[in-house]
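*Asks:* the following comprises the amino acid sequence and a computationally predicted model.
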Amino acid sequence: MKKILITRKLIKESEDKATKTFDPIFNTNDELYSQSKVIQMSKGCDGILTSLTDKMDQETINNLPDTIKIISNFAVGFGNIDLEAAKKRGIAVTNTPEVLSDATAEIGILLILGACRRAAEGIESAREGGWKWSADYLIGKQLTGTRLGILGMGRIGQKIAKIARSLGMIIHYHNRSKLSDEKELGAVYHKDIKSLFSVSDVLSICCPATKETENMINKETVEFFPKGAVITNVARGDIVDDEALIDALNRRKIYAVGLDVYKNEPNLNPGYFKIKSAFILPHLGSATKDTRIAMANLAIDNINEFLKTGNCKNKVN
Ligand code: DGY
């Protein structure tokens with residue numbers, strides 16, 4: 001049986017599947033392994049099942065044992081892995097697309113609603129007590145008729161668009177290429193981000209973190225938005241320059257944010273804590289039992305398929 005290092009604790013059903021499929025090394029305490037510990041523990045292994053908390057940078061990958069053939073990431077995003085370094089060492093990298101699109105889109109919608117309808121302030125007031133209903137109390141932004149810009153119209157973006165449309169939002173999007181009419185469903189395509197941001201009353205960031213998208217929300221691009229726009233991010237923190245966004249919130253250029261992901265998680269920029277209109281969640285995108293099981297099972301299947309056939313449909317490098 002192939003020997004696999006699984007760097008984080010999985011839900012029991014998935015650990016049972018791993019036991020049936022491989023000779024796995026589990027992380028029973030769910031300790032966060034250092035990069036050197038991953039290298040050391042993967043000795044004699046054929047593959048590693050990583051999570052987004054494992055920083056598989058060039059140095060780590062270069063020091064992995066020669067027996068490692070695959071790094072299977074337990075996430076759709078793979079910004080934590082240096083794909084080129086893995087490729088150079090002949091190590092395949094895989095991800096877990098599709099199975100988490102619905103759960104992540106639900107959180108994407110929650111971020112939009114939470115930011116627009118001032119949920120953070122509402123929760124705080126309800127807990128503190130002493131609030132009183134009045135005609136102008138915690139007035140927020142209604143979604144009906146509002147323009148939603150989607151940055152990255154992949155599976156998650158399309159699902160968010162579908163739900164948002166049913167809430168009466170008008171969908172605009174930017175992607176590397178225009179979608180077919182069937183997938184676009186009347187959404188308006190924008191070739192560049194300046195054009196998209198200028199019509200985004202609300203933005204939903206759904207694109208992967210890459211060299212091209214890193215800090216795409218920055219000092220310059222934040223000015224492209226209409227005054228009082230709302231920015232939400234269900235993708236990756238690396239896409240946002242936090243200082244620029246926090247400054248725009250403080251100036252009221254940006255009305256509110258809804259964030260599930262951050263640079264340097266879990267140590268998000270403390271500037272967000274001071275902003276009442278920041279609706280912030282601790283990276284819950286895929287956090288439902290069914291989805292987490294489906295993701296882990298897919299990560300296991302990816303290793304199995306790759307080690308058996310030398311290929312795999314979810315290979316990303
Ligand atoms: C992913 O799969 O990339 C998600 O962010 C995990 O929650």
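*Replies:* In hand now; what should we look at? None of these values were measured; they are calculated from a predicted model.
*Asks:* helices of this protein, residue ranges please.
*Replies:* 12-21, 35-41, 58-62, 83-88, 101-116, 119-128, 155-166, 181-184, 193-198, 242-250, 289-309 (DSSP state H).
*Asks:* what about the last one and the ligand, touching?
*Replies:* Going back to what we said before, that points to helix 289-309. No: Helix 289-309 stays clear of the ligand (Cβ under 6 Å from any ligand atom), getting no nearer than 6.6 Å. To be clear about C-beta, it is placed using only N, CA and C from the backbone, and glycine gets the same treatment.
*Asks:* now do the buried residues in that helix.
*Replies:* 291-307 (16 or more other Cβ atoms under 10 Å).
*Asks:* got it, and stretch 155-162?
*Replies:* 155-161.
*Asks:* before we move on, what about stretch 138-146?
*Replies:* So, applying 16+ other Cβ under 10 Å, buried residues of stretch 138-146: 140-141, 143, 146.
*Asks:* stretch 255-265 too?
*Replies:* 255-263.
*Asks:* and what of stretch 244-258?
*Replies:* Neighbour-count burial for stretch 244-258 [16+ other Cβ under 10 Å]: 244-246, 248-249, 253-258.
*Asks:* thinking again about what came up before, mark which of the buried residues of stretch 255-265 are part of strands, please.
*Replies:* Taking DSSP state E, the ones among the buried residues of stretch 255-265 that sit in strands are 255-259.
*Asks:* closest one of those residues to the ligand?
*Replies:* Leu259 (12.6 Å; Cβ to the nearest ligand atom).
*Asks:* show me the contacts for the closest one.
*Replies:* 111, 232-233, 237, 240, 268, 272, 278-281 (Cβ atoms under 8 Å, 6 or more residues apart in numbering).
*Asks:* TSV for the residues you listed, including distance to Gln35 and neighbour count?
*Replies:* Listed next are the contacts of Leu259 as TSV, based on distance: Cβ to Cβ, whole Å; neighbours: other Cβ atoms under 10 Å:
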residue	distance to Gln35	neighbour count
Leu111	31	31
Thr232	32	28
Asn233	26	24
Gly237	20	20
Val240	25	28
Leu268	22	19
Tyr272	28	17
Ala278	31	21
Phe279	33	28
Ile280	28	18
Leu281	27	16
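*Asks:* the ligand contacts on the stretch 51-200 of the chain?
*Replies:* Counting by Cβ under 6 Å from any ligand atom, the residues of the stretch 51-200 of the chain close to the ligand are 52, 75-77, 100.
*Asks:* local confidence estimate at the nearest residue to Ala187 once chain neighbours are set aside?
*Replies:* Counting by Cβ to Cβ, 6 or more residues apart in numbering, Ala187 lies nearest to Ile171, which is 3.9 Å off, once chain neighbours are set aside. Note for Ile171: predicted pLDDT of 98.
*Asks:* how much space is there between Ile171 and Ile123?
*Replies:* In this view, Ile171 and Ile123 are 28 Å apart by Cβ to Cβ, to the nearest Å.
*Asks:* shaky segments in the stretch 1-150 of the chain?
*Replies:* Scanning the stretch 1-150 of the chain for pLDDT under 70 picks out nothing.
*Asks:* picking that back up, tell me which of the residues of the stretch 51-200 of the chain next to the ligand fall in strands.
*Replies:* Going by DSSP E, the strands hold none of those.
*Asks:* next up, the contacts around the closest residue to the ligand within the stretch 101-250 of the chain.
*Replies:* Going by Cβ to the nearest ligand atom, the ligand is nearest to Thr104 of the stretch 101-250 of the chain, at 6.5 Å. Thr104 makes contact with 76, 156, 234, 285-286, according to Cβ under 8 Å, 6+ apart.
*Asks:* one more time with 6 Å, if that's ok
*Replies:* By Cβ atoms under 6 Å, 6 or more residues apart in numbering, the contact list for Thr104 reads 156, 234, 285-286.
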